[in-house]
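Q: Based on what follows, work out the 3D shape:
(one chain, ligands or ions: 1)
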Amino acid sequence: MTDSAERKMQFLFALRSKGVTDTRVLTAMEMTDRRDFIPRGLFAARAHEDMPLPIACGQTISQPSVVGLMTQALNPQPRDKVLEVGTGSGYQAAILSRLARRVYTVERHRRLVSDAQANFERLDLTNVIAILGDGSHGLSEQAPFDRIIVTAAAEDPPGPLLAQLREGGIMVVPVGQSDTVQRLIKVTRTSHGFEYHELRPVRFVPLVEGLGKD
Ligand code: SAM
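A: Below is the predicted model of the structure:
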């Protein structure tokens, strides 16, 4: 077996052992090389390890098992329109683009938006678009969404995002103070309101208001 085939097997094994069992999610993650979303240099060799890594603008690309578990909880369907808040490297959005019809991903740092968009184009992912903005307000011009995923921690699920979730839709969001362990919450919009399920403890950078300087 080649080194890269073995690394891929170990990567998938690690995901399964952490509870990522949905074969559609595993296939989407197998097709999306995390190395493509990590800046060249010091950390590139660690791309397939199950740990968060630094990217530009002082931000992070999330741990693969957390990306897998959040994607699994979101359960995106082939006809879905998805909103991601917190593009970061674009890795999560690229995985979603393989599972849904259309993905909008919003990021407050201009540089991360342009790097992610360039990557989507290079990888020929034509159904995902990165947009500069404060994602805590959602993306009203494209609402409602079938699925919303937030990859930065809010104190509560943001009201505008709840409002932009279609009936029957699902939102996955880390909730809690930024300097403590947060809780990953799955929100389902029903005809009567919202149902909340707590999934697991997580640790994310905070959802910050306004645009970044870079
Ligand atoms: N999903 C990313 C990936 O696949 O690499 C990882 C996201 S990183 C943990 C969180 C990101 O959320 C950061 O890039 C940060 O700049 C962004 N962020 C924080 N607050 C935001 C806001 N209000 N609107 C949009 N993006 C925000």
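Q: Show me the contact partners of stretch 54-63.
A: By Cβ atoms under 8 Å, 6 or more residues apart in numbering, the residues outside stretch 54-63 that reach it are 34, 37-39, 43, 50-53, 88-89, 91-92, 109, 111-112, 115, 151, 204-205, 212, 214. All C-beta atoms are positioned from the backbone trio N, CA, C, and that covers glycine.
Q: Kindly report the same for stretch 67-74.
A: Contact with stretch 67-74 is made by 15, 18-22, 25-26, 28-29, 82, 91-92, 95-96, 99, 147, 149, 151, 170, 172, 184, 186, 199-200, as judged by Cβ under 8 Å, 6+ apart.
Q: try 6 Å this time
A: Stretch 67-74 is contacted from outside by 15, 20, 22, 25, 29, 92, 95, 147, 149, 170, 172, 186, 199, using Cβ atoms under 6 Å, 6 or more residues apart in numbering.
Q: Can you name the residues that contact the first one?
A: Which is residue 15. With contact set as Cβ under 6 Å, 6+ apart, residue 15 has these partners: 65, 68.
Q: how close does it get to the ligand?
A: Separation of residue 15 from the ligand (Cβ to the nearest ligand atom, to the nearest Å) stands at 15 Å.
Q: Can you name the helix or strand that that residue falls in?
A: According to DSSP states H and E, residue 15 maps onto helix 3-17.
Q: Cool, thanks, signing off.
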